[in-house]
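**Student:** Sequence first, predicted model second:
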Amino acid sequence: MSFTATLFDYNGVLVDDESVHLEAFRDALRPLGIAVADADYWDRYIGFDDREGFAAILQDAGRAAPAELVEELIRQKGPHYLARATRELKSFAGAAALVRARAALGPVLVVSGALRDEIQLGLQHLQVADCVGHIVAAEDTSASKPDPQGYQLALAWLAQHGHPDAQRRAVVIEDSLAGIAAAKAAGLCCIAVGHSYPLDKLEASGADLVVPQLKHIDQAMLAKLYAETR
């Protein structure tokens, strides 16, 4: 037996768009006179969805973060992200091939703190939109990773679509510490890819397996991991 369902994070796993997100955050915040340093983004904000990211940035800048301001910043960021991503979006080596290979064996879902239209743009860029059965996006959750809500919603969808043993038979592929924590809190097996964090930090995160890059994951590796963890 092996994993039948695959739950991919999006940013930092399938597409290399964190720099696009950073610039879109800056675009939205520039009229407020708030700057976001590279180090602050990578050290503090990378695991947040837009709502929690803007709230944290405002608070760190000594500003109030009322819900209406945060929502307005999210609305402003969206077009900036899409415009930049259309020009600059890059994918990780092996991303499209792995999505297609996993879709041939069972359901593939994307579970991400990104907005739905951002994810759809990336899946079209990868030419794998038809391989993804369901997306859990920022609009679907009230709390971002490390809260497990997104993965719990994915498990509920799988159960409703003929996979009642999904918690045991699904594997998550993540790149962030917050994402790994969310997957493990949902009781899922999790592979961490070293696209965004140093491997030593991922090794200490509780992930079941750490690989340097997505392209290193293959069916033999997944079968071995299933045998060892399930």
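**Tutor:** That came in fine, so what should we check first?
**Student:** For this protein, give the helix that spans the most residues.
**Tutor:** helix 67-88 (DSSP state H).
**Student:** other SSEs contacting it?
**Tutor:** The helices and strands touching helix 67-88, judged by 3 or more C-beta pairs under 8 Å, 6 or more residues apart in numbering; DSSP states H and E, are helix 18-29, helix 50-60, helix 116-126. All C-beta atoms are positioned from the backbone trio N, CA, C, and that covers glycine.
**Student:** Adding mean pLDDT, write those helices out as CSV.
**Tutor:** Shown next, in CSV, are these (pLDDT from 0 to 100):
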stretch, mean pLDDT
helix 18-29, 94
helix 50-60, 95
helix 116-126, 96
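**Student:** Please render these as JSON lines that adds mean neighbour count and distance to residue 158 to the earlier fields.
**Tutor:** Formatted as JSON lines, those follow (neighbours: other C-beta atoms under 10 Å; distance: least, C-beta to C-beta, whole Å):
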{"stretch": "helix 18-29", "mean neighbour count": "19", "distance to residue 158": "28"}
{"stretch": "helix 50-60", "mean neighbour count": "20", "distance to residue 158": "26"}
{"stretch": "helix 116-126", "mean neighbour count": "19", "distance to residue 158": "18"}
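**Student:** what's the average pLDDT for whichever helix or strand comes after the longest helix of the chain?
**Tutor:** For helix 67-88, the following helix or strand on the C-terminal side (DSSP states H and E) is strand 90-91. Mean per-residue pLDDT for strand 90-91: 94.
**Student:** ok, and what's touching the helix or strand that strand 90-91 is followed by?
**Tutor:** Sequence order places helix 95-103 as the next helix or strand after strand 90-91, per DSSP H and E. Under the contact criterion C-beta atoms under 8 Å, 6 or more residues apart in numbering, helix 95-103 has outside partners 6, 8, 13-15, 108, 126-128, 131-133, 214-215, 217, 219.
**Student:** which one of these has the most neighbours?
**Tutor:** In terms of neighbours by other C-beta atoms under 10 Å, those top out with residue 14 at 29 neighbours.
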